[in-house]
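*Asks:* here is a sequence with its predicted model. Questions after.
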Amino acid sequence: MARLTLRNVKKRFKETEVLHGIDLEIRDREFVVFVGPSGCGKSTLLRLIAGLDPITEGSFHLNERMMNDVAPSKRGIAMVFQSYALYPHMDVYENMAFGVRLMGLPKEEIESRISEAARMLKMEELLKRKPRELSGGQRQRVAIGRALVRKPEVFLLDEPLSNLDAALRSEVRLEIAKLHREIGGTMIYVTHDQIEAMTLADKIVVMNNGRVEQVGSPRQLFEKPANSFVGTFIGSPKMTLVDVSRSGNRLGIADGGSVPLDELPDKTPHLKLGVRPDALTVKREAEDGFTASVVYTEYLGDDSYVYARLADGTLVAIRTHPNDIFEPDEAVRINLNGSPVHFFDAESGQRLEPSAVAAH
Ligand SMILES: Nc1ncnc2c1ncn2[C@@H]1O[C@H](COP(=O)(O)OP(=O)(O)O)[C@@H](O)[C@H]1O
Ligand SMILES: [Mg+2]
């Protein structure tokens with residue numbers, strides 16, 4: 001059983017505050033992913049949970065127990081580092097045995113844990129090799145194995161796939177998901193890659209500048225982003241934000257056309273419209289819609305994406321049928337296709353909920 005509760009957790013390095021008050025609840029056996037741009041504080045938060053750095057302010061409880069001052073080795077938490085941090089002069093077996101020997105476990109127990117971890121991670125053949133005799137993927141497995149043999153209640157993984165090539169990355173990603181199901185512990189996984197977050201997580205914590213922007217399931221974040229940061233961070237290609245003004249039931253760009261909507265927030269005349277590539281259509285001839293000029297197209301086989309510049313300079317991505325060919329500099333019209341769109345406050349970026357607009 002491992003439930004984590006963080007309350008108003010702050011971290012300062014000398015005068016610089018890098019975490020500004022994190023509140024977070026992580027349930028037993030949950031697979032939680034911290035995602036956010038580089039430098040937003042993901043590793044720092046993980047290190048506070050592991051006990052590798054002290055919490056400046058606020059509290060961290062594991063189940064009912066306050067952990068702020070508990071030594072890392074006494075927390076029942078194991079961390080896998082981005083750099084693997086293996087001992088180069090020890091073979092794989094010794095690398096895995098080192099930490100558990102310090103825990104004072106009997107020899108037989110250590111042996112049985114290592115052989116079980118080696119089986120789970122399919123590395124029985126590698127136990128006598130030194131790290132330099134292993135590929136990147138195999139080293140990553142040893143680093144995970146070393147955490148596994150400690151039988152922690154909580155696993156922390158810091159960007160575990162970032163040193164692997166693309167093909168191996170999706171393979172190890174599947175293995176990590178399987179491992180979580182098999183061992184059933186609570187897992188916190190850090191990445192800057194929203195696709196990893198979307199595919200692995202029960203719950204995603206989106207971070208930005210030392211703050212939590214939103215916590216939710218992959219679907220909640222995609223369908224109801226709490227603000228424009230989450231809207232543009234989750235989803236690929238990205239959601240486009242368009243600065244628009246409301247007039248009746250239409251949203252328009254100055255000298256750049258407008259689109260009609262059935263539902264709009266009633267708050268302000270100015271707002272940000274958030275549109276994903278598959279909520280838009282692009283046509284050469286249309287009476288209505290935003291005017292735009294094609295910049296380039298990306299052909300991906302099943303889909304194509306057209307990137308076009310709106311009258312105000314915003315670059316917008318539109319998903320199209322791969323047989324629809326557009327040339328750079330072509331004048332086009334962009335319309336909404338009826339799929340959900342998002343509205344954000346022009347100043348704060350907070351999500352605005354729309355309601356039905358009277359017919360005009
Ligand atoms: N030991 C440290 N001393 C001073 N600043 C640090 C230290 N560790 C991290 N930082 C700063 O804290 C911020 C968050 O870093 P980090 O947690 O590594 O981000 P992420 O893992 O999301 O890329 C960065 O601005 C970084 O420069
Ligand atoms: Mg990091």
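*Replies:* Arrived safely, thanks for sending. Ligands and ions are numbered 1, 2, ... in the order given.
*Asks:* in stretch 178-198, what counts as buried?
*Replies:* Residues of stretch 178-198 classed as buried: 179-180, 185-194, 196-198 (neighbour count, 16 or more other CB atoms under 10 Å). C-beta here means a position set from N, CA and C on the backbone, and glycine is covered the same way.
*Asks:* same deal with stretch 243-255?
*Replies:* 244, 246, 249-253.
*Asks:* residues contacting that stretch, please?
*Replies:* Residues outside stretch 243-255 that contact it (CB atoms under 8 Å, 6 or more residues apart in numbering): 242, 258-262, 264, 268-273, 290, 310-312, 314, 346, 357-360.
*Asks:* quick one: strands adjacent to the helix or strand where residue 20 lies?
*Replies:* In this structure, residue 20 is located in strand 16-26 according to DSSP states H and E. Strand pairing for strand 16-26, using DSSP bridges, gives strand 4-13 (antiparallel).
*Asks:* still on that earlier bit, now for the buried residues of stretch 243-255: which two are most distant?
*Replies:* Within the buried residues of stretch 243-255, 249 and 253 form the most distant pair, 15.8 Å apart (CB to CB).
*Asks:* pull up the distance across stretch 274-283, start to finish.
*Replies:* Stretch 274-283 has its terminal residues 20 Å apart, counting by CA to CA, to the nearest Å.
*Asks:* coming back round to it: give me the contacts around the strand holding residue 20.
*Replies:* Counting by CB under 8 Å, 6+ apart, 3-12, 32, 41, 44-45, 48, 56, 58, 186, 188, 203, 205, 209-212, 215 sit against strand 16-26.
*Asks:* can you select the buried ones from those residues in ChimeraX?
*Replies:* The ChimeraX selection below is limited to those of those classed as buried (16+ other CB under 10 Å):
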select :3,4,5,6,9,10,11,32,41,44,45,48,58,186,188,203,205,210,212,215
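*Asks:* restrict the contacts of strand 16-26 to those near ligand 1?
*Replies:* Among those, the residues within reach of ligand 1 (CB under 6 Å from any ligand atom) are 41, 44.
*Asks:* tell me how far the worst-scoring helix or strand of the chain on mean pLDDT lies from the chain's centre.
*Replies:* One helix or strand of the chain scores below all others by mean pLDDT, DSSP states H and E: helix 166-183, with a mean of 86. Distance, stretch centre to chain centre, for helix 166-183: 16 Å (CA atoms, centre = their mean, to the nearest Å).
*Asks:* quick check: next helix or strand after it?
*Replies:* strand 186-191.
*Asks:* give the other helices and strands that that following strand contacts.
*Replies:* Packed against strand 186-191 by the contact rule (3 or more CB pairs under 8 Å, 6 or more residues apart in numbering; DSSP states H and E) you find strand 31-35, helix 42-50, strand 154-158, helix 194-200.
*Asks:* same thing but at 6 Å, please
*Replies:* Helices and strands touching strand 186-191, by 3 or more CB pairs under 6 Å, 6 or more residues apart in numbering; DSSP states H and E, are strand 31-35, strand 154-158.
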